[in-house]
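1. Curious how this folds, go ahead:
(one chain, ligands or ions: 1)
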Amino acid sequence: MGDYVLVLNAGSSSLKFSVYRRSDSDALEIDARGQIDGIGTAPRFTAARGDGGAGIKNEGLNAAVCDAPSALEHLAGWLRSRYVGAQVLGVGHRVVHGGPRYTQPLLVTPAVLDDLRALVPLAPLHQPHNLAAIEAVSERLTGVPQVACFDTSFHRGQPAVATLVPLPRNLGANGLQRYGFHGLSYEYVASMLPKAAPGIATGRVIVAHLGSGASLCALDKGKSIDSTLGFTALDGLCMGTRPGALDPGVVLYLFQVLGKSAAEVEKILYKESGLLGISGISNDMRHLLGNPAPEARLAVDYFVYRAAREIGGLTAVLGGVDGLVFTAGIGENAPEVRRRICEASAWLGVRLDPDANRRSAACISAADSRVSVWVIPTNEELMIARHTSRVLGLVEAGT
Ligand code: AMP
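-> Down below sits the predicted model:
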């Protein structure tokens, strides 16, 4: 087995990983991917071959796998046994927030890590776990270079009006601006458009990243010019546990009238709202679709309503729209949600091919649709592998 680049995407209770191996022809190719999930509750390790072949590991772990360091310890043991004698060339991490300073993927140093820690309040759901994985790697894989790849980088070329937070100027000195997130996903989709959907690649495209986090990005000739997520990952669309855009007066009300503390408000906004908050049943679209409870239906109705409303807004930003792309867990796997969003966007000239939509085909619009509609599975890990190999001066990662 050749040397490899390890890609890590660390969440609150899961550590997702991918292994990109250096092949004989000096290209980086996906060899395996998997995750340790249920960290701290019922930890489980699963791994599959990168080419989508059979699973290579699926086992419950003992409760000692209770945090990022112990999860990494377990993963490192598995990697040593599978890739005997191979060297880890580098580790690429998904880091949600790069703040005002970090506009490109870069090598992690202790000073960079300190700066990224200061951004934890801007992404409390993700950033602490992303950084815990970096720290765990420094301790256990001493000397292996690490690259931080930011979800904010792809949006950094947006025009000033799109990034503005219209509060008093003196409050804006420390990076109070809209950043946008899911950038690794959008960057990957944009990189795929010339091959997957050449007719729209140089046009005006709205990409809908609909997963447990959800947002839209307006692409003009492949560049991000606006997105629905902003200063933090709370803005825009309704998400699994986050509300999306709120009247800021609601937040004042939570503090002043309901007497909530800052910690309570943070928990409400990041963990208790969105699909979960509206339905009181689940944050998972799979559990809500087909559930006859009125609260479940209302949650899905709101998710669709908000997505269609924001598609209209970004169409105005782009001055029209040529293509619509669905990606991420819901976007790739929920034909009913795609159908409903597209029906609500019929005024833009969107018409689906119902059969192609049911099959989640690559192109799901009808032949006479003025706007072509696509399903492009995202691959943030490949984007991270590409950035990591570029920053470390290794070979280019293939697709
Ligand atoms: P992601 O964050 O991209 O991994 O997406 C995760 C979310 O995708 C889950 O919470 C589900 O709500 C949703 N999802 C995954 N598969 C399906 C499916 N077959 N139907 C509806 N929603 C799905």
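
2. can you tell me the helix or strand for the residue in the stretch 51-200 of the chain that the ligand sits nearest to?
-> Residue of the stretch 51-200 of the chain nearest the ligand, by Cβ to the nearest ligand atom: residue 185 (8.4 Å). To be clear about C-beta, it is placed using only N, CA and C from the backbone, and glycine gets the same treatment. Following DSSP states H and E, one finds residue 185 within helix 183-196.

3. after that helix, next one along is what?
-> strand 204-210.

4. right, is that next one up against the ligand?
-> No - judged by Cβ under 6 Å from any ligand atom, strand 204-210 and the ligand are separated, with a smallest distance of 7.5 Å.

5. circling back to that earlier point, state whether the residue of the stretch 51-200 of the chain closest to the ligand and residue 327 are indeed in contact, as I suppose.
-> Yes - shown here, residue 185 and residue 327 form a contact pair, counting by Cβ atoms under 8 Å, at 6.3 Å.

6. Now do the shared contacts for the two.
-> 209, 378 (Cβ atoms under 8 Å, 6 or more residues apart in numbering).

7. Quick one: the strands in the stretch 251-399 of the chain, in order.
-> 323-327, 372-375 (DSSP state E, counting those that start in this stretch).

8. Please identify the deepest-packed of the ones you listed.
-> strand 323-327 (a mean of 26; mean count of other Cβ atoms under 10 Å).

9. partners of it in the sheet?
-> Sheet pairing of strand 323-327 (DSSP bridges) gives strand 204-210 (parallel), strand 372-375 (parallel).

10. Those into JSON lines, with extra columns for mean pLDDT and distance to residue 256?
-> Formatted as JSON lines, the strands paired with strand 323-327 follow (pLDDT from 0 to 100; distance: least, Cβ to Cβ, whole Å):
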{"stretch": "strand 204-210", "mean pLDDT": "98", "distance to residue 256": "34"}
{"stretch": "strand 372-375", "mean pLDDT": "98", "distance to residue 256": "44"}
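
11. Mind putting those into JSON lines with distance to residue 268?
-> What follows is these, written out as JSON lines (distance: least, Cβ to Cβ, whole Å):
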{"stretch": "strand 204-210", "distance to residue 268": "22"}
{"stretch": "strand 372-375", "distance to residue 268": "33"}
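
12. Can you check which of those gets nearest to residue 37?
-> Nearest to residue 37 among the strands paired with strand 323-327 is strand 204-210 (20.8 Å), distances taken as Cβ to Cβ.

13. Would you mark the buried spots in the helix or strand that that closest one is followed by?
-> On the C-terminal side of strand 204-210, the closest following helix or strand by DSSP H and E is strand 214-220. Going by neighbour count (16 or more other Cβ atoms under 10 Å), the buried part of strand 214-220 is 214-219.

14. Quick check: mean pLDDT of strand 214-220?
-> For strand 214-220, mean pLDDT is 98.

15. how about it, does it reach the ligand?
-> No - if you take Cβ under 6 Å from any ligand atom as the test, strand 214-220 misses the ligand, and the best it gets is 8.4 Å.

16. buried sites along the next helix or strand after that strand?
-> Going down the chain from strand 214-220, the next helix or strand is strand 223-227, by DSSP H and E. Neighbour-count burial for strand 223-227, counted by 16+ other Cβ under 10 Å, picks out 224-227.

17. Up against the ligand, what does the protein have?
-> 211-212, 240, 284-286, 289, 328-330, 333-334.

18. Which of those residues are buried, as a PyMOL select command?
-> Entered in PyMOL, the line below selects the buried ones among the residues of the chain next to the ligand, by 16+ other Cβ under 10 Å:
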select buried, resi 211+212+240+285+289+328+329+330+333+334
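
19. Closest to the ligand out of the buried residues of strand 214-220?
-> Looking across the buried residues of strand 214-220 and measuring by Cβ to the nearest ligand atom, the closest to the ligand is residue 214, at 8.4 Å.

20. Now whatever residue of the stretch 251-399 of the chain ends up closest to the ligand: closest residue in space that isn't a chain neighbour?
-> Residue nearest to the ligand within the stretch 251-399 of the chain (Cβ to the nearest ligand atom): residue 329, separated by 2.1 Å. Distance criterion Cβ to Cβ, 6 or more residues apart in numbering; nearest residue to residue 329, sequence neighbours excluded, is residue 211 at 4.2 Å.

21. List the buried residues of the lowest-mean-pLDDT helix or strand in the chain.
-> In the chain, the helix or strand scored least confidently by mean pLDDT, DSSP states H and E is strand 55-60, which has a mean of 86. Within strand 55-60, no residue counts as buried by 16+ other Cβ under 10 Å.

22. hmm, what's the outermost residue in this protein?
-> For the chain, the C-alpha farthest from the mean C-alpha position belongs to residue 257; by Cα atoms, centre = their mean, that distance is 34.4 Å.

23. pLDDT value on that residue, please?
-> So residue 257 comes in at 98 (pLDDT).
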